[in-house]
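Engineer: requesting a structural model of the entry that follows:
(chains A, B, C and D)
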There are 2 protein chains.
Amino acid sequence: MSDRGAANNPGRSENLLFLTDDQLRRGIEAMFFAYRGFTADPDRILSEYAYGRAHHRAMHFIKRWPGTTVNNLLDILGVTKQSLNRVLRTLIEDGLVESRVGARDRRERHLFLTEAGTALERELSEAQRGRMRAAYREAGPEAVAGFRKVLGHIMDPEMRRHFQTIKEDE
Amino acid sequence: MSDRGAANNPGRSENLLFLTDDQLRRGIEAMFFAYRGFTADPDRILSEYAYGRAHHRAMHFIKRWPGTTVNNLLDILGVTKQSLNRVLRTLIEDGLVESRVGARDRRERHLFLTEAGTALERELSEAQRGRMRAAYREAGPEAVAGFRKVLGHIMDPEMRRHFQTIKEDE
DNA sequence: CTTGGAAAGTCAACAAGGCTGACATAAACT
DNA sequence: AGTTTATGTCAGCCTTGTTGACTTTCCAAG
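Structural biologist: Numbering: from 1, shown residues only, chains lettered A, B, ... in the order given. Here you go, the predicted structure:
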């Protein structure tokens, strides 16, 4: 039932074989299993510090955009302020994140990693990059370009702006 | 700090540019945003039925391997039996999944989707495949091959056997 | 035939991290 | 002065993960 489609039209669809339901299913399962691997190493480290994935994500994007506001972060992470606030509060209390009142608009809070926060973020992202680096190296640059390209099209378009897209279509 | 690496050795590393920390970070963020998109459509449908992602995953793999045992499913999904059991129980109670006592080994339970289960699974997977199909089509077959290849290397090796690997290296 | 152990199910308790809704405060904007 | 915006906080709920303890079923080895 998921094997209809291009496979039944061999005559004129050689180049559409990659769009069969079966190919799509494999891609879906690959996403599932790969995402598990993708988060496995940071998760292991986080559990040693009694933090969770949500803390990692917050730290990642604060490191990525130092001084970002809470609202920016909410937009990127796609969670509610209550959810983010719970995470942010513990990170601030524990001295991993610093929250500075905005200079121009004093309602805003600008977020920065402290020295300790930078150290933990680095530990987490080095573990995650290690796995990605190995995968990239084994797959090769062309596969990596395809990987990035497909991921860019899977995400909601608004999200693409959150990392300036490299020129992969030129 | 994440921008060291190959970028500082332009002389002999043209083909390693894809391994810079900055490239890896982009890949990491792409995985994060893409996975959100990947689950968004099924999540919307599931919330109408008061089910969650865990129900979708169980139904997906029961559809994929009709008659699979609970233990098989535990291995694939990587959760505890208590966690899976809670999900499975509601699916069985609601008549979406049928649990048949094993013929050879009557301790085992073989899981099947009922007609209603098949219908919901199809609704979910058609939504998910729709997004994947669009992404695949926009990215093209070569990008898709790279996508699958990189994902295969990101996941834990034991997981690769769960979908028979197609010959992507020939 | 008995018994050890695997497979499955169940109960209880807990935690992370989502969510909604209501409300408070300060600052900026009009 | 009044409204809107940014942020924070309290309370409560849900899903989905966890551990630990225990029972039932039943295959298979002794």
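Engineer: for chain B, what's the nearest residue on chain A?
Structural biologist: Among all residues of chain A, A:G146 sits closest to chain B, at 2.4 Å; criterion: Cβ to the nearest Cβ. (Glycine included, C-beta is placed from N, CA and C.)
Engineer: mind telling me what element that residue is part of?
Structural biologist: Using DSSP states H and E, A:G146 falls within helix A:141-154.
Engineer: picking that back up, what's the closest non-adjacent residue to the residue of chain A closest to chain B?
Structural biologist: In space, not counting the residues next to it along the chain, A:G146 is nearest to B:G146; the distance is 2.4 Å by Cβ to Cβ, 6 or more residues apart in numbering or on different chains.
Engineer: checking the residue in chain A that DNA strand D sits nearest to next. Helix, strand or coil?
Structural biologist: Scanning chain A for the residue nearest DNA strand D gives A:N71, at 2.8 Å (criterion: Cβ to the nearest atom of the strand). The three-state assignment at A:N71 reads helix, by DSSP: H, G, I helix; E, B strand; the rest coil.
Engineer: same check on the one 4 residues further on?
Structural biologist: Counting by three-state DSSP, the backbone at A:D75 sits in helix.
Engineer: tally of neighbours for it?
Structural biologist: The criterion is other Cβ atoms under 10 Å in any protein chain shown. On that basis, A:D75 has 13 neighbouring residues.
Engineer: likewise the one 3 residues further on?
Structural biologist: Using other Cβ under 10 Å, A:G78 has 16 other residues around it.
Engineer: that one reaches B:G37, doesn't it?
Structural biologist: No - using Cβ atoms under 8 Å as the test, A:G78 is too far from B:G37 to be in contact (10.4 Å).
Engineer: any figure for the gap between the residue of chain A found nearest DNA strand C and B:V87?
Structural biologist: Nearest residue of chain A to DNA strand C, counting by Cβ to the nearest atom of the strand: A:G52, 1.4 Å away. Here the distance between A:G52 and B:V87 works out to 21 Å (Cβ to Cβ, to the nearest Å).
Engineer: so for these two, which sits in the more crowded spot?
Structural biologist: With neighbours defined as other Cβ under 10 Å, A:G52 and B:V87 compare such that B:V87 has more, 22 against 14.
Engineer: the more buried one sits in which helix or strand?
Structural biologist: Counting by DSSP H and E, the element that carries B:V87 is helix B:81-93.
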